[in-house]
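> Let's see this in three dimensions:
(4 chains)
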There are 4 protein chains.
Amino acid sequence: MVSTSALELAARTRRFISEQILPVEREIVVDGRPMDDALRLELQKAAKEAGVFGPLSPVEHGGLGLDTRDQAVVLEAAGTSLIGPLALNCWAPDDGNIHLLAHAANAEQARRYLAPLASGEVRSAIAMTEPAPGAGADPGMLRTTAEEAPGGWVINGAKHLTTGADGAAFVICVARTDDGPTMFLVDTDNPGMRVLRRMPTLDHTSAPGGHCEVAFSGCFVPDSAVLGEVGLGMEYAQVRLAPSRLSFCMSWLGLATRAQELAARHISRREAFGARIAEHGLAQGHLADNEIDIEASRALIARCAEVIDAEGPASSAARHHASVTKTFVSEAVWRVLDRAVQLHGGLGVCEDHLVARFLVEARAFRIYEGPSEVLRWSIARRVLRPYR
Amino acid sequence: MVSTSALELAARTRRFISEQILPVEREIVVDGRPMDDALRLELQKAAKEAGVFGPLSPVEHGGLGLDTRDQAVVLEAAGTSLIGPLALNCWAPDDGNIHLLAHAANAEQARRYLAPLASGEVRSAIAMTEPAPGAGADPGMLRTTAEEAPGGWVINGAKHLTTGADGAAFVICVARTDDGPTMFLVDTDNPGMRVLRRMPTLDHTSAPGGHCEVAFSGCFVPDSAVLGEVGLGMEYAQVRLAPSRLSFCMSWLGLATRAQELAARHISRREAFGARIAEHGLAQGHLADNEIDIEASRALIARCAEVIDAEGPASSAARHHASVTKTFVSEAVWRVLDRAVQLHGGLGVCEDHLVARFLVEARAFRIYEGPSEVLRWSIARRVLRPYR
Amino acid sequence: MVSTSALELAARTRRFISEQILPVEREIVVDGRPMDDALRLELQKAAKEAGVFGPLSPVEHGGLGLDTRDQAVVLEAAGTSLIGPLALNCWAPDDGNIHLLAHAANAEQARRYLAPLASGEVRSAIAMTEPAPGAGADPGMLRTTAEEAPGGWVINGAKHLTTGADGAAFVICVARTDDGPTMFLVDTDNPGMRVLRRMPTLDHTSAPGGHCEVAFSGCFVPDSAVLGEVGLGMEYAQVRLAPSRLSFCMSWLGLATRAQELAARHISRREAFGARIAEHGLAQGHLADNEIDIEASRALIARCAEVIDAEGPASSAARHHASVTKTFVSEAVWRVLDRAVQLHGGLGVCEDHLVARFLVEARAFRIYEGPSEVLRWSIARRVLRPYR
Amino acid sequence: MVSTSALELAARTRRFISEQILPVEREIVVDGRPMDDALRLELQKAAKEAGVFGPLSPVEHGGLGLDTRDQAVVLEAAGTSLIGPLALNCWAPDDGNIHLLAHAANAEQARRYLAPLASGEVRSAIAMTEPAPGAGADPGMLRTTAEEAPGGWVINGAKHLTTGADGAAFVICVARTDDGPTMFLVDTDNPGMRVLRRMPTLDHTSAPGGHCEVAFSGCFVPDSAVLGEVGLGMEYAQVRLAPSRLSFCMSWLGLATRAQELAARHISRREAFGARIAEHGLAQGHLADNEIDIEASRALIARCAEVIDAEGPASSAARHHASVTKTFVSEAVWRVLDRAVQLHGGLGVCEDHLVARFLVEARAFRIYEGPSEVLRWSIARRVLRPYR
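Numbering: from 1, shown residues only, chains lettered A, B, ... in the order given. Reported below is the predicted structural model:
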């Protein structure tokens, strides 16, 4: 069950978003105010003052240290704005990286990387995905290599869709070694690493630092840059994966609830064909379908959070529930946002009304952290396992 | 959270169904063995011996007295057979009537009606729905009347789709009085009441007693036949409604999980186009969609059960969650059964393989206890309430 | 374009169905009148008198000899009753067998098999599908064999889902020979062939002769029983396939239009929540979705018919269009019937109102003549062909 | 049937788009080259040289004067690029305005407005939609007024979502007069009319001139500015409506076919999980669903075009078919583009790969020219008409 303190925190978060974040969100979406690091730090300062900063971060690093079940209600509240999770420092890829570092970093790495990340001082990235023929949805196709060199390792390879790389302080790079995939902490001022460009993706408001092309070319890192142990990169990725998928679900669900409110308000004020739009059956049908999608998403998230808390983030059960939940929620959120656009009529495609921007920003969610097709495939294999 | 004892009970129930009920189900569906009261009593005796009888019934009447959250896991286990819930005495309309009587019956009524119903000695019915222009989905159109007469009441009116009336010991009849809708306990040997016919509905295996046309014609009942108070019929109906909707969801979800198992097993054993069907992507997609529908249903049921337990079955929150859950689950179960048929190929439409019968039996679930369209309308109105 | 005479014929067919067939259909569905051969012959006699018999049959055999484009409007009209296509002698499997025999039979075979089939004197079957591990959706898995013997062939093997076998005068059996799959005309009084049972399938009203299990055991047939040439069985199956798929589409579309009319009429007469159901938005949404599904089906059928007429029934284009059309129409018809049930509310699942029976009868259409999954796979391969 | 010359023209158009337009499209989408009038004129010049300019325009104004059935194949070819229809001068709102002027303009108006519009010399707009509480989807709520003044009329009112107004030479303004809604030809240099701003809509590549807010304030126009007759504005709107809806369907269908090609090519070249993506069943399922959506759209368009040609653009049948076709095609195109994005994986949301931009540009199509909800409502009313 959700704790009372988490419910209070969620209420406080909703108020914070409503009062301090929504006006800024409007400036960004409608007036084109840039979402840069200066603004991010300003918003995070406000979140700290409001006592809502760091819901996913460990207490020892100034975070709120919530368990997964409690995170669900808080992140849903944070997600009611496109930039809310960023303000609370619980947005990708930093949320997952905090989780990963808390699990795998040694004391020195924690001091040097986890602490400033958890405090919001710096941003980070994780460089996993590669252009063809490298690792896309299939991590087994990893081509970036790390070879031992005196005192450290030399990394070579190309990455893309590296979220947040532009402006990050460090990148967690996954590379093949003779002992298997390994994670390396690479400072972005390392001369062997270059951010080539931000890729022109549909989502930008919600993605400071963009989705980038990154090149590692003779990139030397010392032994101390190995995160955890050599050869355990895929195990760590698993530790990161279910919580990261679920955080996305929580935040995007928040945005879906916001879109639903915007749509309900909009159609309650407009008339057409002799009645308020809210009285027309097909509009009501959209609202009801949205509500059903929202409640089912919320219920799945709650259940998956309980499993993660009970059995651990890398357990088989957690992974299965995270796959099911991510597939459903990413598609349900998309449907909700799409119906919200439709309920706004012609204004629904004007970014003035925000739902247009919400829809476009959300499109990638059905792809990143596992496309629905790959997730369905893995769900099916689990279902079939007893019959082999 | 579900109690440990409920989890044990659910496991015992699954075993009971598997060992003792499935063979009988096959005889009924495939060989045409009639599902009559003699068979029902035999199955219920077995359930009592297995210690799984009466999960919804009060402890003082020999039931297991589970709270709603615990019921969910037990009824899902019971529902893995079309006739499982009947064997456990947690099937409509008796389950809802037990709940209703426990809430509204006085001591004498409890002794006379609730006790034999809870023990499985008798079956019951509730006569609410009327042919046009009477009350269908809209209870406000109730036309059956009850007028005061010396020592009692005289009921006149026509009912139809009265589930289980044929062979029931008593019927709870809802009729209009000057003081509002009122519920009456009518013994089926009352000469003023007649079961005209079983209507030829798609579901029959799962519906002993059928869905009947019932006529009340100068039907005299004594004052003691009034259930609870005069004029409170709709309030009592509300008390019954959310739990009844949710019980259906639990049991039908059980059947969906069974169909999924049948399908997974079937496609694991067959080959086509050079591989086991289980290796074909579109078959895997069906299995994954089924799994997602099943998990989302389960999560919604759990959440709705928690709300009923926390806020009461007639609370506004319980009714909203029950509407959302019933709409989603009834449609999800339908999709799961339909995909299970499809995965069986040509054999999917042969009743030998059971899924064909499951599909047909389940069709009414999207209509009874509130058609999806009416539920969506009511969900939308609740969403719109703050914007009026 | 459809010819004027076909439009007139379609109008006459609608009138014939409406006046002479619908009353019988009601007796069958509601009152349980058996749909046997005596009744079939009576209905076909009436169709002959009405001048609407044999739309697919060659003119030289007393048929109307319509081209495919003209068939579309006539079969849609015939399909407005579950038993209409049977009355007109354009129902499976006889329609496809007539087409096949017209293509492949020699003069003697035409006289002996095609003539009485086209006149409605006898029924037929085609025995292609086999129980696992034989040929299901994948014809390449054919296991029934035919071995040369003095003066003829000896067939051995098991078939199932052999539509119409019970009561048929002859069966076209597909069996493997050393020279490839071959079709044989087997008289059903052949002592080497036995109809084991009618399988208990969901569809029965529309399937006289049922879907049967058939055993060939040392079944001797003379050389004259070979249909066309030895080894060309699959080629002939291709000639039969696209027209057969399309005929089903035409007839089932007719039933969908009927269900739509029944639903529209029903909701125009009933009230709920203060208005006719026809005025409620979600009911209107169902009607509109039905109309869209019906029109899209009709347009696809027309287009596919044009392709068959222009390029031949076994052309690559015809097969592609038939795959696309069959997939869409079988699913669209299912949706239309399902919504029609839903629009009838509680009465929708009573067979009194026919739509319940329509839905159940239609379920197999998404499976026979190619399950949607297999068709999608073959459509995708065609799409991908240029990129290999 | 489509004429042979139209098929040739379509082939030529496809070649023209492929060779001359696609490179420019890439510059616009990927490199940010502005889509302005200079570029439009350059592309139209190329189209004239290629002999593909003006498929919808009257022959006497230099167009190709195709009937609707022939237009279908040519516009589908033009639509394979986002900017193809613009290059051919068959894109909204000019296409509909050309059609409208050809129907309603007098000789002088044709000379002054239709001629330069048909030749591509100028662009135009139609100002119908108004901000709340004016006319949105419901034209009956029209609030812009035109009052008689000496020698002409004075127009007052606010319009928005006026497509193409920025940079147009003239606007057809719909305003209420004492004799009913009336259309006025307003030159955009009229001091009483102002384009306030381009609204920040999701579509921009495909919409030169944007969707604008326009103010009419004491805007005097002479009597000669009345298009056709006073009071017939809604009749003329009906003449324009069905062809305009259908043109959109044709062009967007072209884009859907392009996206399908891009997706098929992409997955034929990439590998994941041990095979080309094209060999994975769920990817094949998306391709097949796309193909079905494309073929059904094409078939509906063909049928609607035949009806328009046979019964006229304002006939009841044409309007019904256009409603059905527009609803289906706008939703089908959206699904196709969405699946194409999904098939591209992470690259699908990068505008480099074009499908991301296609999806965003297409979103408004389900709203403009009648949102799906309003169209469904009108389709349902037509279905219900016989049962009133």
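> CA only for contacts and neighbour counts going forward, please
Fine.
> Now for A:Ala47, how many residues are close by?
A count of nearby residues for A:Ala47, using other CA atoms under 10 Å in any protein chain shown, gives 23.
> Confirm that A:Thr162 sits in a strand.
Yes. Assigned with DSSP: H, G, I helix; E, B strand; the rest coil, A:Thr162 falls within a strand.
> Quick one: residues contacting it.
Neighbouring residues of A:Thr162 by CA atoms under 8 Å, 6 or more residues apart in numbering or on different chains: A:125-129, A:210-214.
> And for A:Trp377?
Going by CA under 8 Å, 6+ apart, the list of residues near A:Trp377 reads B:281, B:284-285, B:288.
> switch the cut-off to 10 Å
If you count contacts by CA atoms under 10 Å, 6 or more residues apart in numbering or on different chains, A:Trp377 has them with A:323, A:383, B:279, B:281-288, D:280-282.
> so it is in which element?
helix A:372-384 (DSSP states H and E).
> Tell me how far A:Pro208 lies from A:Asp36.
A:Pro208 sits 7 Å away from A:Asp36, going by CA to CA, to the nearest Å.
> Based on its surroundings, how many neighbours for the residue of the stretch 101-250 of chain A found nearest chain D?
Per CA to the nearest CA, A:Thr201 is where the stretch 101-250 of chain A lies closest to chain D, at 4.1 Å. A:Thr201 has 25 neighbouring residues, counting by other CA under 10 Å.
> how about the closest residue to it other than its chain neighbours, what does it touch?
Leaving out its chain neighbours, the residue that sits closest to A:Thr201 by CA to CA, 6 or more residues apart in numbering or on different chains is D:Cys350, at 4.1 Å. The contact partners of D:Cys350, by CA under 10 Å, 6+ apart, come to A:161, A:199-203, A:211, A:364, D:30, D:341, D:344, D:356-357.
> Mark which of these are part of strands, please.
A:161, A:211 (DSSP state E).
> And the contacts of D:Cys350, which is closest to chain B?
Using CA to the nearest CA, the contacts of D:Cys350 come closest to chain B at D:His344, 17.7 Å.
> Look up how far B:Gln284 lies from that closest one.
Relative to B:Gln284, and taking CA to CA, D:His344 is found at 21 Å.
> Compare the two and say which one has the larger neighbour count.
Neighbours per residue (other CA under 10 Å) separate D:His344 from B:Gln284, with B:Gln284 holding more: 26 against 23.
> Pretty sure that one sits against D:Ala283.
No. B:Gln284 lies out of contact with D:Ala283 (CA atoms under 10 Å); the separation is 12.0 Å.
> The host helix or strand of A:Arg258 vs chain C: in contact?
If you go by DSSP H and E, A:Arg258 is part of helix A:233-269. No. Contact of helix A:233-269 with chain C (CA under 10 Å from any CA of the partner chain) is absent, the minimum separation being 15.1 Å.
> And the strands in chain A?
Applying DSSP E to chain A gives strands spanning A:124-127, A:145-149, A:152-163, A:170-177, A:180-187, A:193-198, A:211-222, A:271-272, A:275-276.
> chain center to the last one: distance?
In other words, strand A:275-276. 39 Å (CA atoms, centre = their mean, to the nearest Å).
> And for that strand, what's in contact with it?
Strand A:275-276 is touched from outside by A:266-270, with contacts defined as CA under 10 Å, 6+ apart.
> Mean confidence (pLDDT) on that strand, please.
The predicted model assigns strand A:275-276 a mean pLDDT of 95.
> Could you do the second one as well?
Confidence over strand A:145-149 (mean pLDDT, whole number) is 98.
> Now tell me what touches it from outside.
In contact with strand A:145-149 (CA under 10 Å, 6+ apart) are residues A:152-158, A:173-178, A:180-184, A:216, A:218-223.
> How far does it sit from its chain's centre?
The answer for strand A:145-149 is 30 Å, by CA atoms, centre = their mean.
> Give the buried residues for it.
The neighbour-count check on strand A:145-149 (16 or more other CA atoms under 10 Å in any protein chain shown) flags A:145-148 as buried.
> sorry, back to before: wondering if the helix holding A:Arg258 reaches chain B at all.
Yes. For helix A:233-269, a contact with chain B is found by CA under 10 Å from any CA, at A:260-261, A:263-269.
> Closest one of those residues to chain C?
Looking across these and measuring by CA to the nearest CA, the closest to chain C is A:Ile267, at 15.1 Å.
> I figured the closest one hits A:Ala283, correct?
Yes. Between A:Ile267 and A:Ala283 there is a contact under CA under 10 Å: 8.1 Å.
> of those two, who's got more company?
Using other CA under 10 Å as the criterion, A:Ile267 and A:Ala283 rank with A:Ala283 on top: 25 against 22.
> can you pull the contacts of that one?
Going by CA under 10 Å, 6+ apart, the list of residues near A:Ala283 reads A:263-264, A:267, A:277, A:289, A:339-340, A:342-343, B:377, B:380, C:281-282, D:373-374.
> Return the distance of it relative to B:Glu19.
For A:Ala283, the distance to B:Glu19 - CA to CA - is 49 Å.
> Tell me which of the strands of chain A is the most buried.
strand A:124-127 (a mean of 28; mean count of other CA atoms under 10 Å in any protein chain shown).
> Show me how the record splits chain A into domains.
A:4-102, A:124-225, A:233-387 (automatic domain parsing).
> Once you drop chain neighbours, what's closest to A:Pro68?
Quick fix: residue A:68 is Thr, not Pro. Distance criterion CA to CA, 6+ apart; nearest residue to A:Thr68, sequence neighbours excluded, is A:Ala305 at 5.1 Å.
> Next, the contact list for that neighbour, please.
By CA under 10 Å, 6+ apart, the contact list for A:Ala305 reads A:67-72, A:242-243, A:246-247, A:299, A:311-313, A:318, A:321-322.
> For the buried ones among those, write the corresponding PyMOL selection.
In PyMOL, a selection of the buried entries from the contacts of A:Ala305 looks like this (16+ other CA under 10 Å):
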select buried, chain A and resi 67+68+69+70+71+72+242+243+246+247+299+312+313+318+321+322
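> what about the residue nearest the centre of chain A, distance to chain B?
With distances taken as CA atoms, centre = their mean, A:Ala92 lies nearest the centre of chain A, 3.6 Å away. For A:Ala92, the distance to chain B equals 25 Å [CA to the nearest CA, to the nearest Å].
> No more questions from me, cheers.
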